[in-house]
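> have a look at this prediction, sequence included:
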Amino acid sequence: MGTSSIFYGNNDRSALLPSDYEGSEENKVTVSWKTVKTDMSKYITSGGTKGNGRHIIKQYIKAAGGAGKMMNQSSAGLKTARSIGSMLYNISIDGIGVTLDNLGIQFQGKSVSEIFSRLLDVMTPGVNTKEEAAAREAAQETLVDLYDYVEENDMNLECLNHMEPYLMDKAMCKYISSYIWNMMLKDLESRFEKYMDDATKTCQMEKDFKDIISSVVKIEFEKKGSLMNNNVTDAISDLSTKCIKALEGIE
């Protein structure tokens, strides 16, 4: 069985650079999409016994052109990250009511689930590209965690006014980790479920990849310190770059 048949994402024929580009070696892709797709395919079909998840993540970022190029192509992901970060910071300063008003979200008489659904639409207004889709999925996962927090507090939305800064940072950590993973899935278009009959094992393999990414992102967050300050948007951009660079150099 061929190893490339389960992939329909990026490929080397649709290069990002023009054919006559004569840039330096450091600006050129050093790992081909074929290589990383083959490695991922072998990892999936072997049930995780052939290959290494950390190596595949590293190869993926290199195939995408490196951390710098990935950041340049992550406009929707960064915009959504800044929107969520700014929202959390504003909640900590002004409260949830004022923040929702400023976002144009009607919350009087609305259920918590309706408010969170509207928040998702405001944070990710357009889904026309795979990058926008990855940002929306990451935003949804992040908002689900915030919803769970409200649920744990008797569905009282105002509990967000007293949310500890570390929990807000945790939410941003979740977003960045989820965004990177969702982009990786969409770029590689790997069909875990197509070649694995064991749903439990499939979920475990995906969890293993997510855990690797989130552990690296968490370390970078801890180095940075809290994002919840008046420079939250700049801090998010800087931290996102550092997270992807760290994953590119993962061993």
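Sure, I can see it.
> switch to C-alpha atoms for all contacts and neighbour counts from now on
Will do.
> list the contacts for the residue most central in space within the chain?
To find the centre residue of the chain, average its C-alpha atoms and take the closest one (CA atoms, centre = their mean): that gives residue 179, at 1.1 Å. Taking CA atoms under 8 Å, 6 or more residues apart in numbering as the criterion, residue 179 is in contact with 77, 134, 135, 137, 138.
> okay if I get those as JSON lines plus pLDDT and secondary structure?
Below are these laid out as JSON lines (pLDDT from 0 to 100; DSSP: H, G, I helix; E, B strand; the rest coil):
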{"residue": "77", "pLDDT": "96", "secondary structure": "helix"}
{"residue": "134", "pLDDT": "96", "secondary structure": "helix"}
{"residue": "135", "pLDDT": "97", "secondary structure": "helix"}
{"residue": "137", "pLDDT": "96", "secondary structure": "helix"}
{"residue": "138", "pLDDT": "97", "secondary structure": "helix"}
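> pick out the most distant pair among those.
77 and 137 (10.2 Å; CA to CA).
> which one's more surrounded, those two?
For residue 77 and residue 137, the more surrounded residue by other CA atoms under 10 Å is residue 77, and the numbers stand at 26 against 19.
> look at residue 251 and say how many residues are nearby.
Other residues within reach of residue 251 by the criterion other CA under 10 Å amount to 8.
> again, but for residue 238
Taking other CA under 10 Å as the criterion, the count of residues near residue 238 is 12.
> so which helix or strand takes in it?
Mapping residue 238 onto the secondary structure by DSSP states H and E places it in helix 232-248.
> chain center to stretch 124-143: distance?
9 Å (CA atoms, centre = their mean, to the nearest Å).
> could I get the CA-only coordinates of it as PDB?
Taking C-alpha atoms only, stretch 124-143 is exported to PDB below (Å, rounded to 0.1, in the frame of the first residue of the first chain):
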ATOM      1  CA  THR A 124     -13.900  34.100  14.000                       C
ATOM      2  CA  PRO A 125     -16.200  36.000  11.600                       C
ATOM      3  CA  GLY A 126     -15.100  34.300   8.400                       C
ATOM      4  CA  VAL A 127     -14.300  30.700   7.500                       C
ATOM      5  CA  ASN A 128     -13.300  30.600   3.800                       C
ATOM      6  CA  THR A 129      -9.900  29.000   4.000                       C
ATOM      7  CA  LYS A 130      -8.400  26.100   5.900                       C
ATOM      8  CA  GLU A 131      -6.400  28.500   8.000                       C
ATOM      9  CA  GLU A 132      -9.600  30.300   9.100                       C
ATOM     10  CA  ALA A 133     -11.200  26.900   9.700                       C
ATOM     11  CA  ALA A 134      -8.200  25.900  12.000                       C
ATOM     12  CA  ALA A 135      -8.500  29.200  13.900                       C
ATOM     13  CA  ARG A 136     -12.300  28.700  14.400                       C
ATOM     14  CA  GLU A 137     -11.800  25.100  15.600                       C
ATOM     15  CA  ALA A 138      -9.100  26.300  18.100                       C
ATOM     16  CA  ALA A 139     -11.400  29.100  19.200                       C
ATOM     17  CA  GLN A 140     -14.200  26.700  19.700                       C
ATOM     18  CA  GLU A 141     -12.100  24.400  21.900                       C
ATOM     19  CA  THR A 142     -10.900  27.400  23.900                       C
ATOM     20  CA  LEU A 143     -14.400  28.700  24.500                       C
END
